[in-house]
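>>> Give the three-dimensional model of this entry:
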Amino acid sequence: DMDPRSVWDWNTVYVGAHAGWAGSGVSWTDNLGTWSTLTRGAGYSANSGGFAGGGQIGILRQRGNIVGGLELSVGGASGASSKPSPYFPTSDTFETKVDTLVSVTARLGYAFGSLLPYVQGGYAGGMVTMTNTTAAGTIGCAVGPCVYDSSQWQHGFTVGGGVDYRLTENVVLGVNYRYANLGSQGNSGAISNSGIFQHFEADAEVHALALRANWLFNGTAPADQAVDTALPAWDWNAIYLGVHGGFAHSDVAWRDNGSGYFTTFPGTRYAASGDGVLGGAQVGFLHQWGNVVGGLGASVSVANMASRETSPFFPTSDKLETKVDLLATATARLGYAFGNALPYIEAGYAGGNMTVTNTDVSNCAPAICVYDSTEWHHGVALGGGLDYRLTENLTLGLNYQYVKLFDGTHGGTTNTFVPTAENYTVGGDIHTVSLRANWLFDSSLFGVN
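Next comes the predicted model:
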């Protein structure tokens, strides 16, 4: 079980910087058509590219030639797109940009001496800005300029990879590529110097290519030595039961397929985001083959991801609320045990309770008219995490999941004097980050041979 060869020790904590190029694509849909496009449902998209740079910090853990780790990266970008409007009046200017990107990723690689190729994936978030400008003197803008300017943080995921090259004990140079999808999110506000309200649905994605330099703390020089590929490890063959708690973010969008009671026009879209906490329990089992650990798990979470906003449609006294208050997942997971640490990825089924509540507070009888619908939506879950074995039976861990809840139909009627039939197509994206504690049953110490 001894594999004699000359290898670097990649067990380390590192900090570094990166610089390169980033290209972003931003697209949006005008859900009102009151100003920027004058066409409800009209869309716009633009691409931009420019310099990008930032820093990263992470930790690596090695087992034989397999190297896993976690990394936090923060970066900024200079690219922006500014173009004449394709709609009337063409003197308007549309600008889009993604100028900040943050990611938290798990990485897995295979060391070839001083070379370490790896793949990575996890959470990504970015600051997405859209600025639509109408010059003074243009129809509807007597005193100008009239500007719709909105910057908002959008949540998503990232996948990528790279190659690190060990120059010295402590210095590593590398090249890295990332793709980040920042999802779809509602974007609302009023135009300066006009007061006209706007509501958009914005999507963004980023491609980034960077050169990286890292400083490794406690670096160890290579030496011709026997590398033990069968070090004592925890026995991860177990049934587990545990609890979790953390943060959750939802992006919910719906389309009015019915009467247009709350949107004025059938076919109108609306999107909103909600942040909150979640907590729940999980159960599952793990099976180990050498250092590879697979398993199945199920979880149930209660949450308070809710958004309650003033309606962007007529009348603006209406209130529009969306929420996701219950999530369930059933996933398969696959990991690689580094002693008492178990990084893993997982994927499988997800389902969630989604609620749409629209309230008319001033233009109906009785005094408050409500459309309220809750439906269970099916979807998929992707994610991963890291479990750390504190004792024979107790593990603590960090988990990230992206959940896509597929579009579903919400029917029903308003509670007006003459009920109005309503019909919506509703779907959503959810991101969760949680701390987990599990109790492992029938586990034993140092059970891998």
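>>> Please identify the helix or strand for the spatially most central residue of the chain.
For the chain, the residue nearest the mean C-alpha position is residue 156 (2.6 Å; CA atoms, centre = their mean). Counting by DSSP states H and E, the element that carries residue 156 is strand 146-166.
>>> Restricting the selection to alpha carbons, write that strand to PDB.
Presented in PDB, the C-alpha positions along strand 146-166 are these (Å, rounded to 0.1, in the frame of the first residue of the first chain):
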ATOM      1  CA  CYS A 146     -34.800  60.800 -16.800                       C
ATOM      2  CA  VAL A 147     -33.000  57.700 -15.500                       C
ATOM      3  CA  TYR A 148     -34.000  54.300 -14.300                       C
ATOM      4  CA  ASP A 149     -30.900  53.100 -12.400                       C
ATOM      5  CA  SER A 150     -30.900  49.900 -10.400                       C
ATOM      6  CA  SER A 151     -28.100  47.800  -8.900                       C
ATOM      7  CA  GLN A 152     -29.100  44.600  -7.100                       C
ATOM      8  CA  TRP A 153     -27.300  41.500  -5.800                       C
ATOM      9  CA  GLN A 154     -28.300  38.300  -7.700                       C
ATOM     10  CA  HIS A 155     -27.700  34.800  -6.500                       C
ATOM     11  CA  GLY A 156     -26.600  31.800  -8.600                       C
ATOM     12  CA  PHE A 157     -24.100  29.100  -9.100                       C
ATOM     13  CA  THR A 158     -20.600  28.700 -10.600                       C
ATOM     14  CA  VAL A 159     -18.700  25.800 -12.200                       C
ATOM     15  CA  GLY A 160     -15.100  25.800 -13.500                       C
ATOM     16  CA  GLY A 161     -11.600  24.600 -13.100                       C
ATOM     17  CA  GLY A 162      -8.000  25.200 -13.600                       C
ATOM     18  CA  VAL A 163      -4.400  24.200 -13.200                       C
ATOM     19  CA  ASP A 164      -2.000  25.200 -10.400                       C
ATOM     20  CA  TYR A 165       1.800  25.000 -10.700                       C
ATOM     21  CA  ARG A 166       4.000  24.900  -7.600                       C
END
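>>> Which of the helices and strands in this structure ranks last by mean pLDDT?
Every helix and strand in the chain was compared by mean pLDDT, DSSP states H and E; the lowest is strand 220-228, with a mean of 49.
>>> Might you list the low-confidence residue ranges for the stretch 201-350 of the chain?
Counting by pLDDT under 70, the stretch 201-350 of the chain contains low-confidence residues at 219-233.
>>> how about the strands in it?
Along the stretch 201-350 of the chain, counting by DSSP state E, counting those that start in this stretch, strands occupy 220-228, 238-256, 269-289, 292-310, 319-336, 341-360.
>>> Could I get these in JSON lines, plus columns for distance to residue 180?
Bear in mind the C-beta positions are built from the backbone N, C-alpha and C, glycine included. As requested, the strands of the stretch 201-350 of the chain are exported to JSON lines (distance: least, CB to CB, whole Å):
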{"stretch": "strand 220-228", "distance to residue 180": "33"}
{"stretch": "strand 238-256", "distance to residue 180": "15"}
{"stretch": "strand 269-289", "distance to residue 180": "18"}
{"stretch": "strand 292-310", "distance to residue 180": "22"}
{"stretch": "strand 319-336", "distance to residue 180": "23"}
{"stretch": "strand 341-360", "distance to residue 180": "18"}
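>>> Alpha carbons only: can I get stretch 292-300 in CSV?
Output of stretch 292-300 as CSV, limited to C-alpha atoms (Å, rounded to 0.1, in the frame of the first residue of the first chain):
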residue,chain,number,x,y,z
VAL,A,292,-15.0,6.9,-1.8
VAL,A,293,-18.2,7.5,0.2
GLY,A,294,-21.6,7.3,-1.5
GLY,A,295,-25.1,7.5,0.0
LEU,A,296,-28.7,8.6,-0.1
GLY,A,297,-30.3,11.3,2.0
ALA,A,298,-33.6,13.1,2.5
SER,A,299,-34.2,16.4,4.2
VAL,A,300,-37.2,18.6,5.2
